[in-house]
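Chemist: the sequence and its predicted three-dimensional model are supplied below.
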Amino acid sequence: MKKNVAIIMGGYSSEYKISLKSGNVVYQYLDKEKFNAFRIHILKEKWVYVDANESEFPINKHDFSVDINGNKQVFDCVFNAIHGTPGENGLMQAYFELLGIPQTSCDHYQSALTFNKRDLLSTLKPYGIKSAESYYINLGDKIDSNEIVKKVGLPCFVKANKAGSSFGISKVYKKEELNTAIDKAFNEDDEIIIESFLDGIEVSVGVITYQGITKVLPITEIVSENDFFDYEAKYEGKSHEITPARISKEQKENVTEIAKKAYEVIKMKGYSRSEFIFIGNEPFMLEMNTTPGLTTESILPQQAKEAGIGLSELFGSAIDEALTVK
């Protein structure tokens, strides 16, 4: 019997348009012989099921059901394609856990932890997973530019702590530019992480649970036409994403081991995509995304293709995993 799958997409953050693209790709490629797929838009102003004619039907938030022309529809599983809040920071995961509905992404704790760059990197540090020198600021804190530069040096990156990696980020070359960059980051979040600049090869590593085992996908090298891998580079074609990455055997082995270790240490499930920069042969972690982009051009689908995994298999496997987890 076919399973009813709610593909949730949208979200409340600056990334909602990208999420809608991802969700529609999942809807397009999901095996219709195995699953009845439903597009569910989770937006600040409404939660709605959107049918093939673009008609909208409100979601009942009490049990995550929908009334479609007098027929109540419930779901066997939720496929999470929301980037940012509330789908990547633990809120939707906790909601579905309370309702007892299986969902494809990691659990609520792992989702909240990975969405918080500062907390994730601090958690992984005792396990030997390295990251850049950093400085933390919360909204309302006194900003001491001299202290920041003393700690992280120049150039440095100013980032929103709990936001998509492409939003609220600036590369700062001069101390005088710090306040502007900090204001920009505070537009996305009330917490900031300022990191030292790591000058090396940047790679993206997908790790997934596939057919019951942890699988590290082929590694992607990121070559940005811009100064760094910003929104334009990521979503508007201003970068070259090379899979497999042009790295040495030792670099490949090291980053594969570290990415798998990070996934297993925090007891991840579902998809993850972690970003690293090599200093010599040593990978330094920047962040981990738990609902990465899923358009045909996105990095994780590129990596799956290189591994011989088609989109239907990739998406279907995530649902199968969610339905078998006890």
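Modeler: On my side now, so go ahead. This is a predicted model, so every value here is computed, not measured. Numbers count the residues shown, from 1 in each chain.
Chemist: quick one: the helices in the stretch 151-300 of the chain?
Modeler: Secondary structure of the stretch 151-300 of the chain (DSSP state H, counting those that start in this stretch): helices located at 178-186, 231-235, 249-265, 299-306.
Chemist: hey, which of the ones you listed is tucked in deepest?
Modeler: helix 299-306 (a mean of 22; mean count of other Cβ atoms under 10 Å). Using the backbone N, CA and C atoms, a C-beta is placed for each residue, glycine as well.
Chemist: what does that helix contact?
Modeler: Contact partners of helix 299-306, identified using Cβ atoms under 8 Å, 6 or more residues apart in numbering, comprise 25, 204, 206, 208, 217-220, 241, 243-244, 271, 273, 292-295, 310-311, 313-314.
Chemist: ChimeraX command for the buried members of these?
Modeler: This is the ChimeraX syntax for the buried subset of these, where burial follows 16 or more other Cβ atoms under 10 Å:
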select :25,204,206,208,217,218,219,220,241,243,271,273,292,293,294,295,311,313,314
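Chemist: so which of the contacts of helix 299-306 are in strands?
Modeler: 204, 206, 208, 220, 241, 271, 273 (DSSP state E).
Chemist: and the strands in the stretch 51-200 of the chain?
Modeler: 56-60, 65-68, 71-73, 77-80, 134-138, 156-160, 170-172, 191-196 (DSSP state E, counting those that start in this stretch).
Chemist: save those strands as CSV, and put in mean pLDDT, distance to residue 109 and mean neighbour count too.
Modeler: Listed next are the strands of the stretch 51-200 of the chain as CSV, based on pLDDT from 0 to 100; distance: least, Cβ to Cβ, whole Å; neighbours: other Cβ atoms under 10 Å:
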stretch, mean pLDDT, distance to residue 109, mean neighbour count
strand 56-60, 98, 25, 15
strand 65-68, 98, 26, 16
strand 71-73, 97, 30, 11
strand 77-80, 98, 15, 26
strand 134-138, 98, 21, 16
strand 156-160, 95, 21, 25
strand 170-172, 94, 30, 20
strand 191-196, 97, 18, 22
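Chemist: out of the ones you listed, which is closest to residue 19?
Modeler: Nearest to residue 19 among the strands of the stretch 51-200 of the chain is strand 77-80 (9.7 Å), distances taken as Cβ to Cβ.
Chemist: which residues touch the most centrally placed residue in the chain?
Modeler: Note on the chain: the residue nearest the mean C-alpha position is residue 289, at 2.8 Å, using Cα atoms, centre = their mean. By Cβ under 8 Å, 6+ apart, the contact set of residue 289 is 83, 88, 114, 165, 272, 273, 274, 275.
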